[in-house]
Every structure is written in structure tokens, then in C-alpha cells.
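J.: Using only what follows, build the 3D model:
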Amino acid sequence: MRVRKLTPQDEALVAAARKIITERYRENRHHIGAALRTRSGRVHTGVHLDTYVGRASVCAEAIAVGKALAEGDGDIECIVSVRHPRPRETNQEIQVVSPCGICRELLSDFARDCAVIIPANAGLARVPIAELLPSKYVRKT
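T.: Next comes the predicted model:
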């Protein structure tokens, strides 16, 4: 896996994801926040929409990607997701989490060359989305 260290811009992206979930956290509604940066330098954020019918839930990464695309700023360079702990959990630190499989597919389809910030042995690392989804099926056009 090609792991790169975080840049100051990446650290700011992590801070933006933590900020959005801190501001919008609501137990059983929003527990994941995401922030992405496009090549234009703009940052777009989103929060997870948890529903009682799980299939209707929408991931924070999808919300952030949709916002960027809706604003005509879809050249995604890097994305990060964070998880807000539930009130009863001992560790109350908002932690970076790896995107789920569906989000890996979404990012691979809409931002094939983007990087993803994930937890690593010594903290956080930046990796290409392609390395989080090896042997991806690609539609022949």
C-alpha cells in the first residue's frame, strides 16, 4: 500500500470533518462526518443520515460528494471520515475511520484519483482510493 504522510491541508481537512460532526452530532441520527477537498481547494462536508430502516441511511461521504458535485466542484482530491462516539462510550475522542465498502465504490466511481485519509499504525495516513478497493470491477464503455 502506498502510504503518504499528511500535509497541513490534510490536517485541516480532518479538522473540518471533526468540526461538522461536533456541530451536527445527534445520537441515532448523525454519527459520521466527512470532509473532502477538491483540486480547486474548496472543502465540502457532510454528515451521515441514520434511519430506522437501515437501507434508507446515507453515508456522510456520499453527502459530501453530492454537495461538491451539485456545486460544480467535483474534482475530488482527498476525503476523510470521522466517527463521533455515543455518549455512553468511555473514549469520547472523535476518531478518523476508514470508509465503508459502498463508499469506497462510490469514491472509486466519482473520484478515481482521490486520496483517502485513514487510521494507520502510527496515527493517520493518506492512501489512494484504488488501494482500498483492489480488483475493482470497471464497466466497459
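J.: Give me the contacts around the helix ranked longest in the chain.
T.: Across the chain, the helix with the greatest residue count (assigned by DSSP state H) is helix 8-24. Residues from elsewhere that reach helix 8-24 (Cβ atoms under 8 Å, 6 or more residues apart in numbering): 6, 30-37, 43, 45-47, 60, 78-84, 94, 96, 117, 124, 126. Yep, even glycine has a C-beta here, placed from its N, CA and C like the rest.
J.: got it, and stretch 81-98?
T.: Outside stretch 81-98, the residues that touch it by Cβ under 8 Å, 6+ apart are 14, 17-18, 21-22, 25, 27, 30-34, 60-61, 80, 99, 103, 116-119, 124, 132.
J.: again, but for stretch 125-141
T.: If you take Cβ under 8 Å, 6+ apart as the criterion, stretch 125-141 is touched by 1-7, 10, 78, 98-99, 101, 104-105, 107-108, 111-119.
J.: how about a cut-off of 10 Å?
T.: Stretch 125-141 has contacts (Cβ atoms under 10 Å, 6 or more residues apart in numbering) with 1-7, 10, 13, 76, 78-80, 96, 98-99, 101, 103-120.
J.: Would you mark the buried spots in it?
T.: Buried residues in stretch 125-141, counted by 16 or more other Cβ atoms under 10 Å: 125-130, 132-133.
J.: quick one: which of those residues is nearest to Val65?
T.: When these are ranked by distance to Val65 (Cβ to Cβ), Ile129 comes first, at 11.7 Å.
J.: and the closest one, how far is that from Val43?
T.: 18 Å (Cβ to Cβ, to the nearest Å).
J.: Same question for stretch 67-86: list its buried residues.
T.: Neighbour counts over stretch 67-86 (16+ other Cβ under 10 Å) mark 68, 73-74, 76-84 as buried.
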